[in-house]
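Peer 1: curious how this folds, go ahead:
(2 chains)
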Amino acid sequence: WCNIRKPGKAIEILYEMIDVGYAPSNRTYNTLLDAFCNDGQVDEALKFFKFMKARGCVQSVPTAKSYSIQIVALAHSGRIEEALTLLGEMRNNGCIPDVATYTEIIEGFCIAGKLDEAFKVLDEMREKGYPPDIVTYNCFMKVLCRLRNVVEALRLFDRMVEAGCLPSNHTYNMLIKMFCDMGQLYMAYDLFNNMEKKGCAPDASTYCTLIKGLFDNARVEEAFSCLMDVTEKNMRLP
RNA sequence: ACGGCUGAUAGUG
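Peer 2: Numbering: from 1, shown residues only, chains lettered A, B, ... in the order given. Okay, the predicted model is just below:
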């Protein structure tokens, strides 16, 4: 808890705590790991991780989360091979990857443009009894929307619903953006109207996406009226 | 009150 977003300072404090004979908890270690990762200091995180392992006391033994935290950081920085190595180590140390961990690996492959590998992971997690959840689906949706692959994106949308996994705000927002970027505002509106009906309230991101889409497609008046709607709802746009 | 998914602008590089 004593961690602000200054991992450099925080680690000093942690070392001090240890010197004085105080044993930081598991969460403290993980929080610090995460702080390094969020600050883009992935290598510092890895270094600190080695320290954790080297200490060999109960509290510093990595948990599944310790691994997960670093896997996502590696995946996000395109270091998918290292993420996989870490996943292997995680298993060897008796930590069980969960849906989130698998999803992180999937995202890593998607970022690296290796969609086929991502699908393999999906199969693997299914085999192990971890069905994909909303975030997993959204990772795939993200790539499909980026590629503007309308057919596959909509197919995935249907499959989510069939699988009983209700599309979230994120799902809708990505699709709406794709249609805006493609100039298919009709489709964007369609989704927008649909989400309310399905009990998924548009959020600030939704409006941002839609309003920008309208502007970019030279439909300024509609953009303004959309903006009025937002202000009426007292929603604060970032 | 330790981890995974979405928009935009500005800034930084």
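
Peer 1: which element is the residue of chain A found nearest RNA strand B on?
Peer 2: At 2.7 Å from RNA strand B, A:Asn30 is the closest residue in chain A, using C-beta to the nearest atom of the strand. C-betas here are computed from N, CA, C, even on glycine. When elements are assigned from DSSP states H and E, A:Asn30 belongs to helix A:26-38.

Peer 1: show me what that helix is packed up against.
Peer 2: Applying 3 or more C-beta pairs under 8 Å, 6 or more residues apart in numbering; DSSP states H and E, one finds that helix A:26-38 contacts helix A:7-19, helix A:42-55, helix A:64-76.

Peer 1: any idea which of these is most buried?
Peer 2: helix A:64-76 (a mean of 23; mean count of other C-beta atoms under 10 Å).

Peer 1: same for that helix, what does it pack against?
Peer 2: Packing partners of helix A:64-76 (3+ C-beta pairs under 8 Å, 6+ apart): helix A:26-38, helix A:42-55, helix A:80-92, helix A:99-111.

Peer 1: just checking, what packs against the second one?
Peer 2: Meaning helix A:42-55. helix A:26-38, helix A:64-76.

Peer 1: contact partners for the residue nearest to A:Val220 when sequence neighbours are not counted?
Peer 2: Using C-beta to C-beta, 6 or more residues apart in numbering and skipping residues adjacent in sequence, the residue nearest A:Val220 is A:Leu214, 7.3 Å away. Contact partners of A:Leu214, counting by C-beta atoms under 8 Å, 6 or more residues apart in numbering, are A:Cys180, A:Leu185, A:Val220, A:Glu222, A:Ala223, A:Cys226.

Peer 1: helices - which of those residues land there?
Peer 2: Judged by DSSP state H, the subset of these located in helices is A:Cys180, A:Leu185, A:Val220, A:Glu222, A:Ala223, A:Cys226.

Peer 1: mark which of those are buried, thanks.
Peer 2: Among the ones in helices among the contacts of A:Leu214, the ones that count as buried by 16 or more other C-beta atoms under 10 Å are A:Cys180, A:Leu185, A:Glu222, A:Ala223, A:Cys226.

Peer 1: isn't A:Leu33 up against A:Lys47?
Peer 2: No - with contact defined as C-beta atoms under 8 Å, A:Leu33 does not reach A:Lys47; the gap is 10.5 Å.

Peer 1: ok, for A:Phe157, nearest residue in space, not its chain neighbours?
Peer 2: Spatial nearest neighbour of A:Phe157, chain neighbours left out: A:Pro167 (6.3 Å); criterion: C-beta to C-beta, 6+ apart.

Peer 1: now tabulate the helices and strands packed on helix A:26-38 in JSON lines and tack on mean pLDDT and distance to A:Lys128.
Peer 2: Formatted as JSON lines, those follow (pLDDT from 0 to 100; distance: least, C-beta to C-beta, whole Å):
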{"stretch": "helix A:7-19", "mean pLDDT": "90", "distance to A:Lys128": "33"}
{"stretch": "helix A:42-55", "mean pLDDT": "95", "distance to A:Lys128": "25"}
{"stretch": "helix A:64-76", "mean pLDDT": "96", "distance to A:Lys128": "14"}
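
Peer 1: got a markdown table for these, with distance to A:Ala83 too?
Peer 2: Formatted as a markdown table, the helices and strands packed on helix A:26-38 follow (distance: least, C-beta to C-beta, whole Å):
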| stretch | distance to A:Ala83 |
| --- | --- |
| helix A:7-19 | 20 |
| helix A:42-55 | 11 |
| helix A:64-76 | 4 |
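
Peer 1: for A:Arg148, which of those helices is the nearest?
Peer 2: A:Arg148 sits nearest to helix A:64-76 of all these, at 22.7 Å, using C-beta to C-beta.

Peer 1: outside of the closest one itself, list whatever touches it.
Peer 2: The contact list for helix A:64-76, computed with C-beta under 8 Å, 6+ apart, reads A:29-30, A:33-34, A:37, A:42, A:45-46, A:49, A:52, A:80, A:82-83, A:86-87, A:89-90, A:95-98, A:100-101, A:104-105, A:107-108, A:111.
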